[in-house]
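**Q** just coords:
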Ligand SMILES: Cc1cc2nc3c(=O)[nH]c(=O)nc-3n(C[C@H](O)[C@H](O)[C@H](O)COP(=O)(O)OP(=O)(O)OC[C@H]3O[C@@H](n4cnc5c(N)ncnc54)[C@H](O)[C@@H]3O)c2cc1C
Ligand SMILES: NC(=O)c1ccc[n+]([C@@H]2O[C@H](COP(=O)([O-])OP(=O)(O)OC[C@H]3O[C@@H](n4cnc5c(N)ncnc54)[C@H](O)[C@@H]3O)[C@@H](O)[C@H]2O)c1
């Protein structure tokens, strides 16, 4: 038997969704794989991202539902217990790294613990030892941006929020993105006095602004103090907490969340030394086969310089694409389907495909149909009937996009993905029989 030139066929740097989802089928196809991880196996999403966040959000959603049904079948409101919610979160995510690691090892994937640094186009060093592979896949993800202001040591990031066992009385959240709004929703529902500092006039700039305004109004109704056009300049320690100094005045707080975005993990991993091109803010540059400027090195997930969202499903899609490429199942460039996104607030905002803004800018190409959800019978039964859906159709009548603000927006958008992705003939949409009564049936009724 011919001797192997390299220890592995493919060696992954990082063990998040961008790596492990693709590695599993690749190992099943007979490839010899290694995976290097400096932290918990499974990366951000299971350990300090989506899974942890949605666990903390669960009682928020249930409490909203209970509050809505007051006097309509339910009597007696409920209260969110911060500590018990934190403990439940830790319980539901605690087993994930071990389970993912065991799944990888059961397929023969060798897990290497430590910080990896590229040495050459086929080699990564970990703890002074070199590991070689025919192909390297960089899947190092992203880290939190930190405001560079005096007192920055008093700021906390999203991981700290997910690890916060005790409820602060007053919380300041700097930022207007996904993390700022999702965590503001959780904290405010638990009764924390939240101040949300938006850098500009608007929040969630990639979402339809009238929907975002509804969400901000809901946060205000929950008691969140929203400040706009804020530039924080310093944080100082006070006898009873901290003070954030800004161009709009000072705000006293017990705990401050810096939610000013995430940056790709490109520094200190040997990219310059090996000649892999990247931008410190945008990520690693790849061609349409996810190949970097060094042909034996590929990249996937949040570390990529990419147009599509830095989301778990896009990381998974990229990892699976590389598996198809490496096994020869495809030679085609990567071609993303319509990528849905949701902000898990209350109400939620979700969208997919052509956005209302794009459709409004091109009335010659698109028509928009608006549905006011206030009279939807099923949602009336849930008393969750606040919201709107905007469906975007091309001039042939095909559904090409949808956006919704409502407590069920994530489920509504999820239900139309096949129609958009498979370009289902408007007539043939009626061939799908939905369950009734469900959000899916209500959503289809509006098309
Ligand atoms: C708070 C939060 C909530 C989120 N919620 C959602 C959501 O609801 N829905 C959604 O779709 N997305 C969500 N995301 C985004 C999602 O988590 C990421 O898009 C996804 O985890 C990216 O996967 P990845 O494999 O590219 O990177 P990661 O999961 O970050 O994995 C990269 C791994 O590489 C390791 N690593 C880095 N450098 C090295 C090195 N030199 N050597 C060894 N190992 C290294 C890291 O330790 C890490 O484990 C959320 C993110 C955050 C932070
Ligand atoms: N539901 C989801 O799918 C979900 C949830 C959480 C995170 N994520 C992913 O994680 C990534 C990170 O989320 P995020 O919310 O940290 O980032 P983001 O890019 O969504 O938001 C960053 C926010 O910080 C603000 N900001 C930037 N610089 C600032 C400054 N100097 N001063 C004040 N404000 C400033 C921006 O205006 C913006 O509102 C997202 O891109 C997303 O892909 C997704």
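**A** Looks like it came in fine. Everything quoted here is computed from the prediction, not taken from an experiment. Numbers count the residues shown, from 1 in each chain. Ligands and ions are numbered 1, 2, ... in the order given.

**Q** need the three-state assignment for residue 216.
**A** Secondary structure state of residue 216, per DSSP: H, G, I helix; E, B strand; the rest coil, is helix.

**Q** quick one, what contacts it?
**A** 203, 226 (CB atoms under 8 Å, 6 or more residues apart in numbering). For every residue, glycine as well, the C-beta is placed using N, CA and C.

**Q** also residue 227?
**A** Contacts of residue 227 by CB under 8 Å, 6+ apart are 195-198, 246, 248, 251.

**Q** most neighbours, which of the residues you listed?
**A** residue 196 (28 neighbours; other CB atoms under 10 Å).

**Q** need the phi and psi values for residue 351.
**A** Geometry field for residue 351 lists phi and psi as phi -150, psi 160, criterion degrees, to the nearest 10.

**Q** how many neighbours does it have?
**A** Neighbours around residue 351, by other CB under 10 Å: 27.

**Q** what's the closest non-adjacent residue to it?
**A** Once flanking residues are discounted, residue 351 sits nearest to residue 403: 3.9 Å by CB to CB, 6 or more residues apart in numbering.

**Q** same deal with residue 404?
**A** residue 389 (4.5 Å).

**Q** repeat for residue 232
**A** residue 246 (4.9 Å).

**Q** for the residue in the stretch 1-150 of the chain that ligand 2 sits nearest to, what are phi and psi?
**A** Across the stretch 1-150 of the chain, the shortest distance to ligand 2 (CB to the nearest ligand atom) belongs to residue 147, at 5.7 Å. The phi/psi pair for residue 147 (degrees, to the nearest 10) reads phi -60, psi 130.

**Q** show me the contacts for residue 188.
**A** By CB under 8 Å, 6+ apart, the neighbours of residue 188 are 194, 219, 222-224.

**Q** what do you get if the cut-off is 10 Å, keeping everything else the same?
**A** 60, 80, 171, 173, 194, 196, 218-225, 346 (CB atoms under 10 Å, 6 or more residues apart in numbering).

**Q** out of the residues you listed, which sit inside helices?
**A** Filtering the contacts of residue 188 for membership in helices, criterion DSSP state H, returns 60, 218-221.

**Q** so how far is residue 320 from the closest residue to ligand 1 within the stretch 251-400 of the chain?
**A** Relative to ligand 1, the nearest point of the stretch 251-400 of the chain is residue 301 (2.1 Å; CB to the nearest ligand atom). Relative to residue 320, residue 301 is positioned 12 Å away (CB to CB, to the nearest Å).

**Q** with adjacent residues omitted, what lies nearest to the residue of the stretch 1-150 of the chain closest to ligand 2?
**A** Leaving aside its chain neighbours, residue 147 sits nearest to residue 258 (5.4 Å; criterion: CB to CB, 6+ apart).

**Q** dump the residue contacts of the one you found.
**A** Counting by CB under 10 Å, 6+ apart, the residues that residue 258 touches are 144-147, 149, 152, 154-158, 160, 172-175, 179-180, 232, 235.

**Q** from the residues you listed, list just the buried residues.
**A** Among those, those classed as buried by 16 or more other CB atoms under 10 Å are 144, 147, 149, 154-158, 172-175, 179-180, 232, 235.
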